[in-house]
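J.: take a look and give me a structure for this.
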Amino acid sequence: MLAAGWVAFAFAGYPLALWLLARVSPRPIRRGAQAPPISVIIAVHDGARELAEKLRATCALSYPGEREILVASDASTDGSDAIAASFAADGVRLVRREPRGGKEAAQAAAIGTARGEILVFTDVGAEVEKDALVALVAPFADPSVGCVSSEDLVSRDEGEGAYAAYEMAIRRLESRAGSLVGCSGSLFAARRTLCTPWPAELASDFRIALEAASRGLRAVSEPGARARIAPLHDPRREWSRKVRTVRRGLAVLAAYRALLAPRAGRVAFALWGHKVARFTAPFALAVLLAVSAIAAPHAGWAQGLLLAQLLFYALGAASLASARVRRATLPRLAGFFLLVNASILSAWIHHLAGHRAVTWKPTPR
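T.: Take a look at the predicted model:
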């Protein structure tokens with residue numbers, strides 16, 4: 001069945017094909033010890049609760065070269081600006097944007113004043129490992145590399161953690177086989193030449209990888225650059241974040257749809273396998289459920305398939321409804337799978353209605 005095959009490709013076939021491509025025709029990355037001037041940009045909107053600790057940790061990161069830290073405040077009203085200004089003696093500069101325009105608008109304002117050759121973007125809530133900047137810059141020794149993504153560390157005690165580990169494994173394979181089609185928003189870096197223009201309406205972590213590809217450069221993952229992210233324990237907050245992320249991802253994909261053409265080569269393959277297949281999987285799942293229900297009265301295989309789907313979805317729903325049920329691994333994973341795919345359907349509704357997600361409010365963790 002086409003629906004079952006599409007779902008299988010989205011979650012298993014694409015990673016397997018990547019693994020084979022990376023083994024048969026790898027594209028190595030040339031890393032080198034270097035320390036070009038960098039600008040670390042931290043976009044914030046009302047992030048006073050975490051900003052002081054983020055700035056202390058960022059100032060303490062190891063980096064042998066010239067470094068500046070810019071706090072891009074998106075019209076914050078909670079004292080975030082005062083906190084940033086209090087770190088001026090540590091080389092922190094505040095760049096305030098008014099009126100509120102969203103994360104990318106704040107980043108663009110900081111880019112306009114940044115002096116670094118490499119621009120590093122990180123979220124307030126990401127706990128960056130001490131040597132991450134050194135590792136993040138190393139792949140830029142390869143002239144084919146346009147941007148570099150860190151790897152996310154999320155506790156596997158939550159469904160989000162297992163999903164993050166799966167995503168990081170795919171990104172490593174994409175790096176070996178060609179190019180990433182999305183960076184980790186928690187921490188990524190790009191050559192300054194790639195950062196103009198910087199559209200306020202498009203998610204920067206996804207767009208920068210496609211912008212690199214459109215200019216003949218690669219986006220790669222650096223396992224040595226890691227950022228720890230606290231998991232979300234409340235499915236309701238995870239829902240809001242997922243819907244917003246997919247809405248913004250659909251807008252980026254539409255803007256760079258030319259890269260879906262076969263002439264884009266491995267980038268097109270990665271976009272179809274990693275993004276298009278994932279964004280359309282819920283529709284295939286719905287078709288699979290409907291076909292199974294229709295065929296169930298006439299075929300034993302359909303009855304078994306329908307029962308398996310209903311049990312899996314019921315387990316996922318129970319996990320989302322009950323913290324006690326979520327303690328078990330299988331229900332937790334089923335719940336996260338259900339939440340992710342339902343959020344994609346919701347994002348499609350917003351996208352097709354022409355609603356765009358530009359401004360953002362960081363999800364408390």
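J.: which parts of the stretch 101-250 of the chain are strands?
T.: Per DSSP state E, counting those that start in this stretch, the stretch 101-250 of the chain carries strands over the ranges 118-123, 127-128, 145-153, 187-191, 218-228.
J.: and the last one, which residues are buried?
T.: Of the residues in strand 218-228, those buried by neighbour count under the rule 16 or more other CB atoms under 10 Å are 218-222, 225-227. Just so you know, the C-beta spots here come from the backbone N, C-alpha and C atoms, and that holds for glycine as well.
J.: what pairs with that strand, parallel or antiparallel?
T.: strand 127-128 (antiparallel), strand 145-153 (parallel) (DSSP bridges).
J.: and what of the first one?
T.: Here strand 118-123 is paired, per DSSP bridges, with strand 38-44 (parallel), strand 187-191 (antiparallel).
J.: quick one: mean pLDDT over the shortest one.
T.: Along strand 187-191, the predicted confidence averages to a pLDDT of 98.
J.: please apply the same query to the longest one.
T.: When pLDDT is averaged along strand 38-44, the result is 97.
J.: got the CA coordinates for that strand in CSV?
T.: Extracted in CSV, the C-alpha atoms of strand 38-44 (Å, rounded to 0.1, in the frame of the first residue of the first chain):
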residue,chain,number,x,y,z
ILE,A,38,33.0,35.3,16.0
SER,A,39,29.8,37.1,17.1
VAL,A,40,27.5,35.1,19.4
ILE,A,41,23.9,36.3,19.0
ILE,A,42,21.3,35.5,21.7
ALA,A,43,17.8,36.5,20.7
VAL,A,44,15.5,37.1,23.6
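J.: check the offset of whichever helix or strand comes after it from the chain's centre.
T.: Using DSSP states H and E, the next helix or strand after strand 38-44 towards the C-terminus is helix 48-59. From the chain centre to the centre of helix 48-59 is a distance of 22 Å (CA atoms, centre = their mean, to the nearest Å).
J.: buried residues, helix 48-59. List them.
T.: 48, 50-52, 54-55, 58.
J.: so L94: helix, strand or coil?
T.: Under the three-state scheme (DSSP: H, G, I helix; E, B strand; the rest coil), L94 adopts strand.
J.: please identify which of the strands paired with strand 218-228 is closest to K275.
T.: Closest approach to K275 among the strands paired with strand 218-228 (CB to CB): strand 145-153, 14.8 Å.
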